[in-house]
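Peer 1: make a model of this:
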Amino acid sequence: MNQENGSTPNIRKRVGLREVAKVAHTSIATVSRVLNNTGYVSEESRQRVLEAVHQLNYQPNLRAKALRQRYSRTIGLIIPNLLNAYYTALADHISLLLNQAGFQLLLSSTRDEVEVERTALQKLIGHDVDGLIWVPTAPDEALLDHLYSQGIPTVCIVRQLKGARLDAIVFEDFKGAKAATQELLKAGHKRIGYIGGDVGYSSNYDRWQGFLQAMQEAGLQTDEGCVRLGALRSEWGAKAAEELLRLQPRPTALFVASNAIMPGVIKTLRTQRIEIPRDISLICFDDLDWFSFSQPPISAVATSHTHLAQACVDLLLRRINGQDEGLAQPYLRKISFELVRRASIAPPPKAND
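Peer 2: This is a model prediction of the structure:
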């Protein structure tokens with residue numbers, strides 16, 4: 001009979017351990033030992049259980065198991081932007097590592113909007129995740145206090161919340177930016193334009209400070225007009241580059257402090273027929289695949305998303321599994337970088353010497 005006749009619908013009943021035990025002609029306890037690989041079970045009984053599992057198409061009730069064992073085998077990941085190729089690659093590798101460890105990933109993108117971040121964090125906490133990996137935007141104290149109260153192991157990545165009681169794994173932003181600036185200085189550049197992100201975030205602030213420190217150590221006064229700080233968007237990169245190219249004299253080199261900004265910068269340079277490195281030299285913090293195929297290839301501070309992913313997953317699982325004896329509270333680690341020299345840097349044009 002069907003629902004149209006007012007009868008009860010034929011709902012498929014979930015196969016449980018009892019049904020598996022019945023078909024395998026054994027006890028529920030034996031089935032449980034086989035499925036959880038615990039305790040002694042004869043090889044004959046094990047094979048009967050496995051055959052019954054296959055025959056019945058048995059699927060464990062993970063939600064019920066989580067409730068009994070008080071874990072969900074899920075990890076929340078909050079990142080600013082899925083359109084940023086770096087964050088996409090990072091999320092993909094984190095997902096792979098967690099899957100290998102038996103965890104599933106719940107992913108949320110904030111677009112660096114405070115209310116979106118708040119909602120995402122609260123929903124992930126509501127899903128009873130076992131841990132969080134988080135690129136923070138601007139959480140307030142109330143939100144942080146709520147997170148602390150839940151006791152959920154949390155690792156901040158890329159950006160550090162200074163003063164917060166949260167583990168953090170970031171890049172050597174200050175040192176990397178300083179090295180990039182020094183690379184331009186070695187080529188003879190003195191008037192260097194800097195295009196970076198909002199310095200309210202630790203990563204952007206540290207890169208900006210690394211640039212300023214390199215200029216200071218070279219005995220050069222940084223012209224504030226050569227510094228542009230804004231959103232990590234391609235559109236911002238295009239606008240900032242346009243403004244810097246209007247300066248008189250204009251910079252002979254540009255340090256772009258994020259790959260998210262670079263497409264807009266390249267667009268402006270090509271629109272204005274500025275040739276790299278003949279007319280202007282260029283280096284970027286972060287390296288992307290297309291940098292090596294660009295004409296010319298673009299120099300960059302390379303930061304490994306795979307190293308960051310491995311480090312944050314290892315740390316988080318240690319916290320979750322209680323294997324964190326001896327770790328600082330909170331724990332901070334900085335992932336190193338590699339300076340990749342390509343053909344986008346040359347001595348400044350003679351007219352600008």
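
Peer 1: only C-alpha atoms from now on, for both contacts and neighbour counts.
Peer 2: OK.

Peer 1: so where do the strands sit in the stretch 251-353 of the chain?
Peer 2: 253-256, 281-285, 299-302, 332-335, 338-340 (DSSP state E, counting those that start in this stretch).

Peer 1: the chain too?
Peer 2: According to DSSP state E, the chain carries its strands in the segments 74-79, 104-109, 131-134, 154-157, 167-171, 192-197, 227-230, 253-256, 281-285, 299-302, 332-335, 338-340.

Peer 1: just confirm Ile78 contacts Ile125, I think it does.
Peer 2: No. Contact criterion CA atoms under 8 Å: Ile78 and Ile125 do not qualify, at 11.8 Å.

Peer 1: higher neighbour count, the two?
Peer 2: Ile78 (23 against 18; other CA atoms under 10 Å).

Peer 1: beta partners of the more buried one?
Peer 2: Ser108, Trp134 (DSSP bridges).

Peer 1: pull up the gap between it and Glu141, please.
Peer 2: Ile78 sits 18 Å away from Glu141, going by CA to CA, to the nearest Å.

Peer 1: end-to-end on stretch 57-76?
Peer 2: Termini of stretch 57-76 sit 30 Å apart (CA to CA).

Peer 1: and it, average pLDDT?
Peer 2: When pLDDT is averaged along stretch 57-76, the result is 65.

Peer 1: please apply the same query to stretch 296-316.
Peer 2: 96.

Peer 1: tell me which residues of it are tucked away?
Peer 2: 297-305, 308-313, 315-316 (16 or more other CA atoms under 10 Å).

Peer 1: keep only those of these that are in helices.
Peer 2: His305, Leu308, Ala309, Gln310, Ala311, Cys312, Val313, Leu315, Leu316 (DSSP state H).

Peer 1: wait, the fourth one sits on Ile94?
Peer 2: Yes. Using CA under 8 Å, Gln310 is in contact with Ile94, at 7.3 Å.

Peer 1: care to break the protein down by domain?
Peer 2: 3-60, 71-171+305-335, 173-303+338-352 (automatic domain parsing).

Peer 1: most tightly packed of those domains?
Peer 2: domain 173-303+338-352 (a mean of 19; mean count of other CA atoms under 10 Å).

Peer 1: which residues touch Asp173?
Peer 2: Ser203, Asn204, Asp206, Arg207, Gly210 (CA atoms under 8 Å, 6 or more residues apart in numbering).

Peer 1: Tyr331 now?
Peer 2: Leu166, Asp167, Ala168.

Peer 1: tell me the one of the residues you listed nearest Asn57?
Peer 2: Nearest to Asn57 among the contacts of Tyr331, counting by CA to CA, is Asp167 at 42.0 Å.

Peer 1: show me the beta-bridge partners of the closest one.
Peer 2: Val155.

Peer 1: measure stretch 317-324 end to end?
Peer 2: End to end - CA to CA - stretch 317-324 spans 9 Å.

Peer 1: just the helices in the stretch 1-150 of the chain please.
Peer 2: Ranges of helices in the stretch 1-150 of the chain, per DSSP state H, counting those that start in this stretch, are 17-24, 28-36, 43-56, 62-69, 85-100, 114-126, 141-150.

Peer 1: so for Val265, which of those sits nearest?
Peer 2: Closest among those, using CA to CA: helix 85-100, at 16.4 Å.

Peer 1: how much space between the residue lying closest to Phe337 once chain neighbours are set aside and Ala177?
Peer 2: Once flanking residues are discounted, Phe337 sits nearest to Thr303: 5.0 Å by CA to CA, 6 or more residues apart in numbering. Distance of Thr303 to Ala177, given as CA to CA: 12 Å.

Peer 1: contacting residues for His189?
Peer 2: Thr252, Ala253, Pro347, Pro348.
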